[in-house]
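*Asks:* coords below, sequence missing:
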């Protein structure tokens, strides 16, 4: 993830020079989303006819195509024609765009909202650099000697459906499987743009970039708006210059603590980003690891305790939950108290082990500290009681484990901290003041994003279930929507001093990192949600401040990789300005 202010022009030279470096984790979705379709729809003859560009399938030629596509914005209308051309890629035969096209591959209706231009370019040119979890081919060997490679499109306890590179579906009974593993190479070969001129390639990228939700900012384009708010609300940019922002917490005196993934916990005070960090931690910040959660003690005003979640690199990558004591705007030296030590991530596997880290932590009204941990793309650990991965945890503020935790008698040792299981990537959650109700935002795989009700001992089903379910073993979400990337959540205060109108008080505000919106749902009637804000660039967290305003943390782009740029994140503040005549469009500026 990278955030506000990254500009297309600043990336032009970068992509060409870094094409041979590691592929962006999320951008690599396109090997399936674009390249795989090209082989399916063009047919093997077209593909094998020219695995080389006009000047040879060399790194230099690929870099030249990349530079051309970055420096030429291309024509989206012509790019759509390339996309649809049955004699060319013909991508639409297998991929749906806004209800039009095939359904073999993933829906591309929001691919331009999900990936920056440089990621689209790299993914088409070199599909096997880094294949994102969820789009990685699977190789299955059967007991009778047959072997199949493709994408698993559906799976139950007894069977699975695999779609191969020729769009053929194979229903396979699990009892017949001798071996199963993820493939390290995309089902599509490199050189898929070889049949296109440089201009056609640029046009295709231009078209893909237009495929996003209405009013959603182009990834990497920075805060250029418009941001749309309901009448009567106003938005202001508080600070910029944040590096890989992940989470925030607001203190009773109005200071805002912001996690930077690279290990620094920053403070925004009186509208200024303080130059000295509250604390700087040694972290493994690869992909989604790093400093990923912060919470303030309910008695912070008197005790000064600050709690964080981070991934420590030593002696192996593992989650740490620690407590620090504040002395003014910095942590007291040597005040760290480690409360919880997570699992050795090297032993848990997953196609992208540094993904799906979770990290959010909040206090419940019971005074206990709750922590969300993702399953690091390993899937199966979410159902196990011998690992924290894929769980919501509950501990005392001193790090001891409450004896009334639901798995206390079944689990052993530190795993008695497990409070709920079956989560994929509980990126954030929130606790409703007064009622103590917990809502968990669990990032979906390829089907549904989930808002789940947090209940002791609940099993939310992952990886055996995603989205609404009738399976009595699992608890389905109270709200879900098609897969994107649900992120921050917060309850609007319900009091006379609340800064938002009564219609919003007590409601749950949640955001989507990919689609760039904030929506509101009524916890009493959660099936329906209405849009509160749209056009936000990579929103990742939000919280209500003591003055009644809504603080929104923006990040822009995906993970920390070879294309990472520092100092591009920002914090904005949304206030109710009174009345209903305020402009609905608030343009963002640097």
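*Replies:* Yep, that arrived. Computed from a predicted model, the values in this text were never measured in an experiment.
*Asks:* run the chain-centre distance for the one helix or strand residue 112 maps to.
*Replies:* Applying DSSP states H and E as the criterion places residue 112 in helix 111-114. Helix 111-114 sits 13 Å away from the centroid of its parent chain (Cα atoms, centre = their mean, to the nearest Å).
*Asks:* for whichever helix or strand comes after that helix, which helices and strands make contact with it?
*Replies:* Once helix 111-114 ends, the next helix or strand along the chain (criterion: DSSP H and E) is helix 117-125. Counting contacts by 3 or more Cβ pairs under 8 Å, 6 or more residues apart in numbering; DSSP states H and E, helix 117-125 is packed against helix 8-17, helix 30, helix 59-71, helix 198-210. In this view, the C-beta of every residue, glycine as well, is placed from N, C-alpha and C.
*Asks:* domains in the chain, by residue range?
*Replies:* Following automatic domain parsing, the chain resolves into domains at 8-132+189-210, 138-182, 227-586.
*Asks:* could you dump those domains into a markdown table and include mean pLDDT and mean neighbour count?
*Replies:* Below are the domains of the chain laid out as a markdown table (pLDDT from 0 to 100; neighbours: other Cβ atoms under 10 Å):
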| stretch | mean pLDDT | mean neighbour count |
| --- | --- | --- |
| domain 8-132+189-210 | 64 | 20 |
| domain 138-182 | 87 | 14 |
| domain 227-586 | 94 | 20 |
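*Asks:* wait, isn't residue 310 in contact with residue 263?
*Replies:* Yes: the pair residue 310 / residue 263 is scored as a contact, 7.1 Å apart, by Cβ atoms under 8 Å.
*Asks:* what touches both of those two?
*Replies:* 281, 283, 290-291 (Cβ atoms under 8 Å, 6 or more residues apart in numbering).
*Asks:* now, which of the residues you listed sits nearest residue 354?
*Replies:* Comparing those against residue 354 with Cβ to Cβ places residue 290 closest, at 9.4 Å.
*Asks:* how close does the residue nearest to that closest one when sequence neighbours are not counted get to residue 559?
*Replies:* Spatial nearest neighbour of residue 290, excluding adjacent residues (Cβ to Cβ, 6 or more residues apart in numbering): residue 261 at 3.5 Å. Distance of residue 261 to residue 559, given as Cβ to Cβ, to the nearest Å: 9 Å.
*Asks:* equivalent analysis for residue 242, please.
*Replies:* Distance of residue 242 to residue 559, given as Cβ to Cβ: 16 Å.
*Asks:* cool, residue 423 as well?
*Replies:* From residue 423 to residue 559 the distance is 20 Å (Cβ to Cβ).
*Asks:* hmm, back to that, narrow the shared contacts of residue 310 and residue 263 to those in strands?
*Replies:* Of these, the ones assigned to strands by DSSP state E are residue 291.
*Asks:* all strands for the stretch 151-300 of the chain, in order.
*Replies:* 159-163, 169-173, 177-182, 227-228, 233-242, 245-250, 256-260, 264-269, 272-273, 279-280, 291-296 (DSSP state E, counting those that start in this stretch).
*Asks:* so after the last one, what's the next helix or strand?
*Replies:* The C-terminal neighbour of strand 291-296 among helices and strands, as given by DSSP H and E, is helix 300-303.
*Asks:* residues in contact with that following helix?
*Replies:* Counting by Cβ under 8 Å, 6+ apart, 251-253, 297, 306, 325-326 sit against helix 300-303.
*Asks:* whatever helix or strand comes next after it - contacts with which helices or strands?
*Replies:* The helix or strand immediately downstream of helix 300-303 is strand 305-312, counting by DSSP H and E. Where contact means 3+ Cβ pairs under 8 Å, 6+ apart, strand 305-312 is packed against strand 291-296, strand 318-327, strand 358-363.
*Asks:* relative to strand 264-269, how tilted is strand 305-312?
*Replies:* 150 degrees (axes from the mean of the first three to the mean of the last three Cα atoms, to 10 degrees).
*Asks:* what about strand 305-312, distance to the chain center?
*Replies:* Counting by Cα atoms, centre = their mean, strand 305-312 comes out at 20 Å from the chain centroid.
*Asks:* what's the angle between that strand and strand 256-260?
*Replies:* Going by the same axes, to 10 degrees, strand 305-312 makes 10 degrees with strand 256-260.
*Asks:* what's across from residue 482 in the sheet?
*Replies:* Beta bridges link residue 482 to residue 448, judged by DSSP bridges.
*Asks:* ok, it touching residue 449?
*Replies:* Yes: contact criterion Cβ under 8 Å: residue 482 and residue 449 qualify, at 7.4 Å.
*Asks:* most distant residue from the centre of the chain?
*Replies:* Using Cα atoms, centre = their mean, the residue of the chain lying farthest from its centre is residue 144. It sits 40.0 Å away.
*Asks:* tell me who's in contact with that one.
*Replies:* So residue 144 contacts residue 176 (Cβ under 8 Å, 6+ apart).
*Asks:* let's go with 10 Å and repeat that
*Replies:* Counting by Cβ atoms under 10 Å, 6 or more residues apart in numbering, residue 144 touches 176, 178.
*Asks:* what's the spacing between the residue positioned nearest the centre of the chain and residue 269?
*Replies:* When Cα atoms, centre = their mean is applied to the chain, the residue found nearest the centroid is residue 485 (5.0 Å). Note on residue 485: its distance to residue 269, by Cβ to Cβ, is 30 Å.
*Asks:* likewise residue 289?
*Replies:* From residue 289 across to residue 269, the span is 28 Å (Cβ to Cβ).
*Asks:* and what of residue 328?
*Replies:* For residue 328 relative to residue 269 (Cβ to Cβ), the value is 10 Å.
*Asks:* all the helices of the stretch 301-450 of the chain, in order from the start?
*Replies:* In the stretch 301-450 of the chain, no segments count as helices under DSSP state H, counting those that start in this stretch.
*Asks:* for it, which segments count as strands?
*Replies:* Going by DSSP E, counting those that start in this stretch, the stretch 301-450 of the chain shows strands at 305-312, 318-327, 330-331, 337-341, 358-363, 369-373, 391-395, 418-420, 426-431, 438-442, 448-454.
*Asks:* okay if I get these as a markdown table plus distance to residue 150?
*Replies:* Formatted as a markdown table, those follow (distance: least, Cβ to Cβ, whole Å):
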| stretch | distance to residue 150 |
| --- | --- |
| strand 305-312 | 33 |
| strand 318-327 | 34 |
| strand 330-331 | 51 |
| strand 337-341 | 40 |
| strand 358-363 | 30 |
| strand 369-373 | 31 |
| strand 391-395 | 31 |
| strand 418-420 | 34 |
| strand 426-431 | 29 |
| strand 438-442 | 27 |
| strand 448-454 | 23 |
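*Asks:* out of the ones you listed, nearest to residue 140?
*Replies:* Among the strands of the stretch 301-450 of the chain, the nearest to residue 140 by Cβ to Cβ is strand 448-454 (25.3 Å).
*Asks:* okay, the angle between that closest one and strand 438-442?
*Replies:* In terms of direction (the same axes, to 10 degrees), strand 448-454 departs from strand 438-442 by 160 degrees.
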